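Chemist: give me coordinates for this.
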Amino acid sequence: MTTIGPARSAPAWTATGLRWQDGRPVLTALNGAHEHRRTVTAGTSIGWQIGGPRRCAGVRTAGGHHPCPYDAAVEPSGRASQCPSCQGADPGLMLARDQILDDGRTYRLYLAWFGTGVVKVGLTAEQRGTARLLEQGALGYTFVGRGSLPGVRRAELTVAQAGLARERLTTRTKTACWWGVPDAGPRQRELSELRTSVLRLLTGHAIELLPDGPLADHVGLFGLAAGAPPLYREVTALSDGATLSGVLRAPVGRHLLIDTEPAEPPLLLDTRLLTGWTLAPAGPAPCTGLGLALRRRPAEPAAQESLF
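Modeler: Modelled structure (predicted):
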């Protein structure tokens, strides 16, 4: 097994998140001015002591990571890891808020499948490849068009307003789908049929339509062929002095599934909660100082008894 964490003689790192680069999940952290990257794979051992106060993660642009100029403290238990100033300067958030009308780049329109009947429509800069789909934890996806930002954005709104897919999904909606992943055939068929409907709807829009793009499937990559564990503990908050230790399963988007004590259900950590905390080596140790919520697979509905 390999271990993600600084050498024991090194100063603590500040976590800056988990992102997908070249199809691989990578945890990043800052040690002074240097950014460290570690590829995450199933079987990786972790041992961290969490240190505070939690600080703003700064802004990431195409040119790299830019630390917060104010070294601002942020809410310890929130998923937002930026101060208001850095949120306002974040290109991704500006794009999501329609504060960028056109930046000259080519964008692609995608359909991201998370579960039966749960599909998101969205856009991503063509230069980012499939990173956005991987980071969202899409179990399947296909690209349906490409063009300028204004054209692709109008197409996105058209699909959403027609009720064919949603513009936004909550994390809870996505994770709930992990318990009921259908076989490959049905999930590919649903995505293919939806693509056909979307392409028909977008005929005449000022974008290039992509009728023959691949129907990608991430279920195996995310380790969800058998679904999520029937029982797991979701990490809802971290605190100064907390310890987090265990062995990782395959990451799902930006989520880490962590096996801890043999008799305990695994942990599920949204790495956005980790961003901004400092990490020091803890070695194999019990997990402490974590806010936890028990998540259980919903019971299957009882079969209706025959009336005759």
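Chemist: what pLDDT does the closest residue to L273 other than its chain neighbours get?
Modeler: The shortest distance from L273 to any non-neighbouring residue, by Cβ to Cβ, 6 or more residues apart in numbering, is to L238 (5.7 Å). Heads up, the C-betas are built off the backbone N, CA and C, glycines and all. Note for L238: predicted pLDDT of 96.
Chemist: is it true that L238 touches G289?
Modeler: Yes. Between L238 and G289 there is a contact under Cβ atoms under 8 Å: 7.2 Å.
Chemist: identify the contacts common to these two.
Modeler: I50 (Cβ atoms under 8 Å, 6 or more residues apart in numbering).
Chemist: the more surrounded of these two?
Modeler: L238 (23 against 14; other Cβ atoms under 10 Å).
Chemist: tell me how far that one lies from V59.
Modeler: For L238, the distance to V59 equals 22 Å [Cβ to Cβ, to the nearest Å].
Chemist: what's the answer for Q161, then?
Modeler: Distance from Q161 to V59, by Cβ to Cβ: 32 Å.
Chemist: more crowded one of those two?
Modeler: Taking Q161 and V59 together and counting by other Cβ under 10 Å, V59 has the greater number of neighbours (21 against 10).
Chemist: do I have it right that the more buried one meets Q82?
Modeler: Yes. Using Cβ under 8 Å, V59 is in contact with Q82, at 7.3 Å.
Chemist: which residues touch the residue nearest to L273?
Modeler: Here L238 is in contact with 50, 54, 76-77, 244, 273-274, 277, 289-291 (Cβ under 8 Å, 6+ apart).
Chemist: swap in G78?
Modeler: So G78 contacts L273 (Cβ under 8 Å, 6+ apart).
Chemist: and for K174?
Modeler: Contacts of K174 (Cβ under 8 Å, 6+ apart): 114-115, 118, 136-137, 253.
Chemist: any low-confidence regions in the stretch 51-200 of the chain?
Modeler: Of all residues in the stretch 51-200 of the chain, none has pLDDT under 70.
Chemist: which residues of it fall in helices?
Modeler: Assigned by DSSP state H, counting those that start in this stretch, the helices in the stretch 51-200 of the chain fall at 84-89, 91-96, 131-136, 149-161, 171-177, 184-201.
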